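Enquirer: Provided below are the primary sequence and the corresponding predicted coordinates.
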Amino acid sequence: MKMSFLLAAGAAVAPAAAAAQSVTITIPPIKVSEYHKPYVAVWLEPAAGGPARTLAVWYDIKKGGNEPGTKWLADLRTWWRKGGRSLKLPANGVSGATRAPGAYRIPLPANLAPGAYTLHVEAAREEGGRELVSMPLAIPAPKGRASGKSELGAVTIVAR
Amino acid sequence: MIRTTVLLAAALCGLAAPATAHNQWLLPSSTVLSDLGQSVTVDAGASTAPFEADHAALPAEMVKVWAPDGTMGSIENAARLRYRSTFDVRIDKPGTWRIGMENNAVTGSFKLDGETWTLGRRRGPPPAAGAPVRNIASVDELPAGATDLDLTQVMSRNEFFVTAGEPSEALFAPTGKGLEIVPVTLPTDLVANEPGQFRFLVDGAPAAGLAVEVIPGGRRYRSDSQTLALTTDAEGLVTINWPSAGFYWLNAVMTDANPGHPKASKRRMSYTATLEVLAP
């Protein structure tokens, strides 16, 4: 069961395999009676300061009405302050639906200028916690690994 | 005679230092919104410890709403409860909103035909039946024969800010009148691990050496108030290192002899803001 799930996840990200460099983030399975898939944002900030660039944001894109999915984007409070609030949503190639537990590969943009960056991954879950994982990321040779403790699993940066 | 003297003294004390023991506060349900079409629910009260509804409600009808585009918004669903009022503000435009109360009035006393009169909202117990009421509500009613004017212009502001989407700074343009702040760090961008900084201006010029007190919410759960007693520098800047995330009540009071009203000789200004500091 788990195997087939991982295969399915692998298949889902297969088109991104062409990208030379990528970030893989893991949403851990959490055993609670009321589980909601987390909101997740992945973004880069130049280490020397400057505007953030959002690589991915996963939220409840379909929910409308009085309390649309966008209402809770501010719960990704660091991302919201650093750059989320200036992003027009939905953003093509960036925003998407929330994901079930699993590993997801996110390609790094090909047009990233060489230099030092900080990669941030933030997750917030309804009836759950919120976690921010940050790690340095260097272009052109990004490599690294970090791990969350509660809402996020391993975050790996791979250059291929 | 003693009785009337005491009453008068009480009334004058009240005018000279209104409600010092009970701090007025506004407490919004949130200050950072990521969707238009939401509302902020606000509590408004006066009590010894900010945000603790245990003394008196503030009248919600005194609250004004400045929308980011410069238009005036309105409050909804106002209710006056015993210890606090509540109301909603629909945040339906992107940018930074300013919501609060402003007051600019002249109070004090004067003499008319040898009798002492008071000006401004009368405080203390009601006068005895049949006793003359020597009080006027507004400085505009000042009689021509008034002498011994002892009048103070009282200017106050009590406000908080809400940002929907990207912040905007249009509402932070100083008016150049009275005591006000210009944020260096935006009031809806505050995070516990980064100091907040604000510039105080009086009549548009930096208010140097001004005492500023910052009180964290949740006073009831601590043994002491943990008030941060700060002072502005020569540029009028105050820097606040937040002990933790949460709501804070910021207050500064200043008196001078530069009233904007020709009949007043003194001026008392106060600035109050409710600030929400998020966890990093």
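Expert: Sure thing, it's come through. Residues are numbered from 1 along each chain as shown, chains lettered A, B, ... in the order given.
Enquirer: ok, now which ones touch B:D35?
Expert: A:68, A:70-71, A:73, B:164 (Cβ atoms under 8 Å, 6 or more residues apart in numbering or on different chains). From N, CA and C alone the C-beta is placed, and that goes for glycine too.
Enquirer: Helix, strand, or coil at it?
Expert: Here B:D35 is recorded as coil under DSSP: H, G, I helix; E, B strand; the rest coil.
Enquirer: wait, does stretch A:36-53 contact chain B?
Expert: No. Legend: contact between stretch A:36-53 and chain B by Cβ under 8 Å from any Cβ of the partner chain is lacking; minimum distance shown is 10.4 Å.
Enquirer: buried set for that stretch?
Expert: A:37-45, A:52-53 (16 or more other Cβ atoms under 10 Å in any protein chain shown).
Enquirer: center of the chain, which residue is that?
Expert: Just so you know, I chose chain A. A:V42 (3.6 Å; Cα atoms, centre = their mean).
Enquirer: Hmm, no, I was thinking of chain B.
Expert: B:N158 (3.1 Å).
Enquirer: Can you point out the helix or strand that includes it?
Expert: strand B:147-164 (DSSP states H and E).
Enquirer: Can you list the buried residues in that strand?
Expert: B:149-164.
Enquirer: and if you look at stretch B:246-264?
Expert: For stretch B:246-264, burial by neighbour count (16+ other Cβ under 10 Å) applies to B:246-254, B:259, B:263-264.
Enquirer: cool, and stretch B:164-183?
Expert: Here stretch B:164-183 shows B:164-165, B:167-168, B:171-172, B:178-183 as buried, counting by 16+ other Cβ under 10 Å.
Enquirer: Same list (the residues you listed) but as JSON lines, adding secondary structure, pLDDT and distance to B:L58.
Expert: JSON lines is the format used below for those (DSSP: H, G, I helix; E, B strand; the rest coil; pLDDT from 0 to 100; distance: Cβ to Cβ, whole Å):
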{"residue": "B:A164", "secondary structure": "strand", "pLDDT": "98", "distance to B:L58": "24"}
{"residue": "B:G165", "secondary structure": "coil", "pLDDT": "97", "distance to B:L58": "29"}
{"residue": "B:P167", "secondary structure": "coil", "pLDDT": "97", "distance to B:L58": "27"}
{"residue": "B:S168", "secondary structure": "coil", "pLDDT": "97", "distance to B:L58": "27"}
{"residue": "B:L171", "secondary structure": "helix", "pLDDT": "96", "distance to B:L58": "21"}
{"residue": "B:F172", "secondary structure": "helix", "pLDDT": "96", "distance to B:L58": "24"}
{"residue": "B:G178", "secondary structure": "coil", "pLDDT": "95", "distance to B:L58": "20"}
{"residue": "B:L179", "secondary structure": "strand", "pLDDT": "96", "distance to B:L58": "20"}
{"residue": "B:E180", "secondary structure": "strand", "pLDDT": "96", "distance to B:L58": "20"}
{"residue": "B:I181", "secondary structure": "strand", "pLDDT": "97", "distance to B:L58": "21"}
{"residue": "B:V182", "secondary structure": "strand", "pLDDT": "97", "distance to B:L58": "26"}
{"residue": "B:P183", "secondary structure": "strand", "pLDDT": "97", "distance to B:L58": "24"}
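Enquirer: Also near chain A: which of these, exactly?
Expert: B:165, B:167.
Enquirer: Take the buried residues of stretch B:164-183 and lay them out in JSON lines including distance to A:H120.
Expert: Below are those laid out as JSON lines (distance: Cβ to Cβ, whole Å):
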{"residue": "B:A164", "distance to A:H120": "23"}
{"residue": "B:G165", "distance to A:H120": "20"}
{"residue": "B:P167", "distance to A:H120": "20"}
{"residue": "B:S168", "distance to A:H120": "25"}
{"residue": "B:L171", "distance to A:H120": "30"}
{"residue": "B:F172", "distance to A:H120": "28"}
{"residue": "B:G178", "distance to A:H120": "42"}
{"residue": "B:L179", "distance to A:H120": "39"}
{"residue": "B:E180", "distance to A:H120": "36"}
{"residue": "B:I181", "distance to A:H120": "31"}
{"residue": "B:V182", "distance to A:H120": "30"}
{"residue": "B:P183", "distance to A:H120": "25"}
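Enquirer: just curious, which of the buried residues of stretch B:164-183 is nearest to chain A?
Expert: The closest of the buried residues of stretch B:164-183 to chain A turns out to be B:G165 (Cβ to the nearest Cβ; 5.4 Å).
Enquirer: Where does pLDDT dip in chain B?
Expert: B:1-21 (pLDDT under 70).
Enquirer: And the helices in it?
Expert: Listed in chain order, the helices found in chain B under DSSP state H are B:2-16.
Enquirer: How about the residues of it by chain A?
Expert: B:32-35, B:37-38, B:165-167, B:189, B:191, B:278-280.
Enquirer: So which of those is the closest to B:G218?
Expert: For B:G218, the closest of the residues of chain B next to chain A turns out to be B:A279, at 14.4 Å, with distances computed as Cβ to Cβ.
Enquirer: Surely the closest one touches B:A245?
Expert: Yes. Taking Cβ atoms under 8 Å as the definition, B:A279 is a contact partner of B:A245 at 4.1 Å.
Enquirer: What are the neighbouring residues in contact with B:L275?
Expert: B:L275 makes contacts with B:160, B:187, B:190, B:196, B:247-250, as judged by Cβ under 8 Å, 6+ apart.
Enquirer: Residues of chain A that sit close to chain B?
Expert: Within reach of chain B by Cβ under 8 Å from any Cβ, chain A has these residues: A:66, A:68, A:70-74, A:77-78, A:80-81, A:84-86.
Enquirer: Point out the least confident member of the residues you listed, please.
Expert: Across these, the member with the lowest pLDDT is A:N66, scoring 90.
Enquirer: For that one, which non-adjacent residue is closest in space?
Expert: B:G37 (7.4 Å; Cβ to Cβ, 6 or more residues apart in numbering or on different chains).
Enquirer: and what of A:G144?
Expert: Of all residues not flanking A:G144 in the chain, A:I157 sits nearest, at 4.5 Å (Cβ to Cβ, 6+ apart).
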